[in-house]
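In: Sequence and predicted model, in that order:
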Amino acid sequence: MTQSAFNIQRAAVIGAGTMGRGIVMSLASAGLEVRWLDNNPQMLEQARAAVADTYAHNVRQGRIDEAEAAARVARIEAVGGYDELAEVDLVIEAVYENLELKQSIFRELDSRLKPSAILASNTSALDIDAIAAVTGRPEQVLGLHFFSPAHIMKLLEIVRGAKTAPAVLDAALELGGRMGKVSVVAGNCKGFIGNRMLHTYVREARMMLLEGAFPHQVDAALQGFGFAMGPFRMYDVVGIDLEWRARELAGKGQDDPAVQVDNRLCRLGRFGQKARMGYYRYAEGSRQAELDPEVDALVQEVSEQLGFRRRDVGPEEILERCLLALVNEGAKILEEGIAASSADIDTVYLNGYGFPVDQGGPMAWADGQGLPAIRARLDALAELFGSHWRPAALIHRLADSGQRFAHFQQEA
């Protein structure tokens, strides 16, 4: 397959949920013709109406004129079956996170689409190679992980599978540029770059709730450092129930002590901002987070039931544990070749996760601290909290040689 074969002009999107809508708008706004398929025709019609409303809102805001809004809407065509996708150059699957469902869709796409078509999944964590393996064209399968809302958020993680062809990655990077995205190529592992690191960061935040902190204290410490929002405010925005439902579907993870506060909130219907209550309360029609004493009482109750002896957890400890969790996992990602450079990791965190711009990203922040100091702080945490804090091997290597993350390039 030559580079010229991957000239992406016509695209398709599978799924009319929130992510599907944002991806369709990203493609149509970049000038591509988009065919849109969902197994629920009524949901697809509602999604088309929502997209038209968004473009009309953009006109009222003065961002685009009516002619451009009409042109974008005209590029989007709802279709009723896979056969109507036969001639597209790229298809992006954007259904919920279930590997078997995604594999069944990719089998259909592989059998119905032209041989030169690229098949992409918008998965945020699932194994791209397991998806590619059910097709006869694994070299033309990759991940295109958009961030919600996809038509607004700048970051695009382009996930290369073991067999993804370089020309396919090049075509994806070119498309990212046309959509106005900041694109970073990531290797294939659970969570890729951004969500793999986020998992360690959020776990520390959750454990500190059990040890003695309250959600508003954790968020205040991280927002004071410069994050756009702390982890618990973030979960209220995206929906506390997303991970809860994923654990239910997977049949594992619900007994982890770290998620017991989340589980209790979800059982109470406190799914976050959309329910007007989560870690915080929200007045009707307001996005303003208000402290809720009921949540503090619930946190205290859960932690005591789990046998924790609560103590004061200050803002310095909150920052230390959350930031160093990011850095240590980032070092492992860099060493494994999941990210090509520390600058790529920082780009992901600055553009997708609200890391403070003036700090340069987690890896640049760590370089500024000095890696011998980072290693010493991780060793101290390992003494206090266990072996998961042991410094990544790359941190030892760079600290011993007087180098920084910015100097490190994965060996070919």
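Out: Thanks, I have it.
In: Three-state assignment for residue 260, please.
Out: With DSSP: H, G, I helix; E, B strand; the rest coil as the basis, residue 260 sits in helix.
In: what about the residue nearest to it when sequence neighbours are not counted, distance to residue 393?
Out: Nearest residue to residue 260, sequence neighbours excluded (C-beta to C-beta, 6 or more residues apart in numbering): residue 302, at 5.1 Å. Heads up, the C-betas are built off the backbone N, CA and C, glycines and all. The gap separating residue 302 from residue 393 is 36 Å, by C-beta to C-beta, to the nearest Å.
In: Which of those two has more residues huddled nearby?
Out: Using other C-beta atoms under 10 Å, the more surrounded residue of residue 302 and residue 393 is residue 302, with 19 against 11.
In: what helix or strand is that one on?
Out: Counting by DSSP states H and E, the element that carries residue 302 is helix 293-305.
In: can you list contacts of the worst-scoring helix or strand of the chain on mean pLDDT?
Out: Lowest on mean pLDDT, DSSP states H and E among the helices and strands of the chain sits helix 241-250, with a mean of 86. Helix 241-250 is contacted by residues 97-98, 253-254, 259, 262-263, 266, 271-272 when judged by C-beta atoms under 8 Å, 6 or more residues apart in numbering.
In: Closest one to residue 353 out of these, please.
Out: Minimum distance to residue 353 across those is 17.5 Å, recorded for residue 272 (C-beta to C-beta).
In: wait, that closest one sits on residue 234?
Out: No - using C-beta atoms under 8 Å, residue 272 makes no contact with residue 234, being 9.5 Å away.
In: between the two, who's got more neighbours?
Out: Each of residue 272 and residue 234 has its neighbours counted (other C-beta under 10 Å); residue 272 has more, 24 against 20.
In: what bridges to the more buried one?
Out: residue 277 (DSSP bridges).
In: Could you do residue 182 as well?
Out: Following DSSP bridges, residue 182 is listed with bridge partners residue 155.
In: Break down the stretch 101-250 of the chain into its strands, ranges please.
Out: Secondary structure of the stretch 101-250 of the chain by DSSP state E, counting those that start in this stretch: the strands cover 118-121, 141-146, 155-160, 182-186.
In: and residue 36, what are its phi and psi?
Out: phi -130, psi 120 (degrees, to the nearest 10).
In: Pretty sure it sits against residue 21.
Out: No - checked against C-beta under 8 Å, the pair residue 36 and residue 21 is beyond contact range at 9.2 Å.
In: between those two, what contacts are shared?
Out: In terms of C-beta under 8 Å, 6+ apart, residue 36 and residue 21 are both contacted by the residues residue 47.
In: circling back: give the buried residues for the least confident helix or strand of the chain.
Out: Of all the residues in helix 241-250, those buried under the rule 16 or more other C-beta atoms under 10 Å are 241-244, 247.
In: returning to what we had before: list the buried residues of the helix holding residue 302.
Out: 295-296, 298-300, 302-303.
In: can you redo these as JSON lines with distance to residue 144 and pLDDT?
Out: What follows is the buried residues of helix 293-305, written out as JSON lines (distance: C-beta to C-beta, whole Å; pLDDT from 0 to 100):
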{"residue": "295", "distance to residue 144": "36", "pLDDT": "98"}
{"residue": "296", "distance to residue 144": "40", "pLDDT": "97"}
{"residue": "298", "distance to residue 144": "38", "pLDDT": "98"}
{"residue": "299", "distance to residue 144": "37", "pLDDT": "98"}
{"residue": "300", "distance to residue 144": "43", "pLDDT": "97"}
{"residue": "302", "distance to residue 144": "38", "pLDDT": "98"}
{"residue": "303", "distance to residue 144": "40", "pLDDT": "97"}
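In: Tell me how the protein divides into domains.
Out: Following automatic domain parsing, the chain resolves into domains at 3-186, 194-305, 315-407.
In: starting at the chain centroid, how far to the shortest one?
Out: So the one you mean is domain 315-407. 19 Å (C-alpha atoms, centre = their mean, to the nearest Å).
In: Stretch 93-110 now?
Out: Counting by C-alpha atoms, centre = their mean, stretch 93-110 comes out at 19 Å from the chain centroid.
In: tell me the average confidence for that stretch?
Out: Averaged over stretch 93-110, pLDDT sits at 94.
In: Same check on stretch 268-287?
Out: Taken as a whole, stretch 268-287 has a mean pLDDT of 94.
In: Near residue 409, how many residues? Count them for me, please.
Out: Neighbourhood size, residue 409 [other C-beta under 10 Å]: 10.
In: Contacts only, for residue 28.
Out: Here residue 28 is in contact with 34, 51, 72-73, 75-76 (C-beta under 8 Å, 6+ apart).
In: how about 7 Å then?
Out: By C-beta atoms under 7 Å, 6 or more residues apart in numbering, the contact set of residue 28 is 34, 72, 75-76.
In: circling back to that earlier point, from the contacts of helix 241-250, list the buried ones, please.
Out: Buried among the contacts of helix 241-250 (16+ other C-beta under 10 Å): 97, 259, 262-263, 266, 271-272.
In: so residue 383 sits in a helix?
Out: Yes - applying three-state DSSP, one finds residue 383 inside a helix.
In: distance of residue 344 from residue 128?
Out: The spacing between residue 344 and residue 128, counted by C-beta to C-beta, is 17 Å.
In: okay, these two: which has more neighbours?
Out: Set residue 344 next to residue 128 and count neighbours by other C-beta under 10 Å: residue 128 wins out with 27 against 21.
In: can I assume the more buried one is in contact with residue 161?
Out: Yes - here residue 128 reaches residue 161: they are 4.3 Å apart, a contact under C-beta atoms under 7 Å.
In: Need the residues touching each of the two.
Out: Jointly contacting residue 128 and residue 161 under the rule C-beta under 7 Å, 6+ apart are 141-142, 188.
In: need those in a markdown table with neighbour count and pLDDT, can you?
Out: A markdown table is the format used below for these (neighbours: other C-beta atoms under 10 Å; pLDDT from 0 to 100):
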| residue | neighbour count | pLDDT |
| --- | --- | --- |
| 141 | 27 | 98 |
| 142 | 28 | 98 |
| 188 | 20 | 96 |
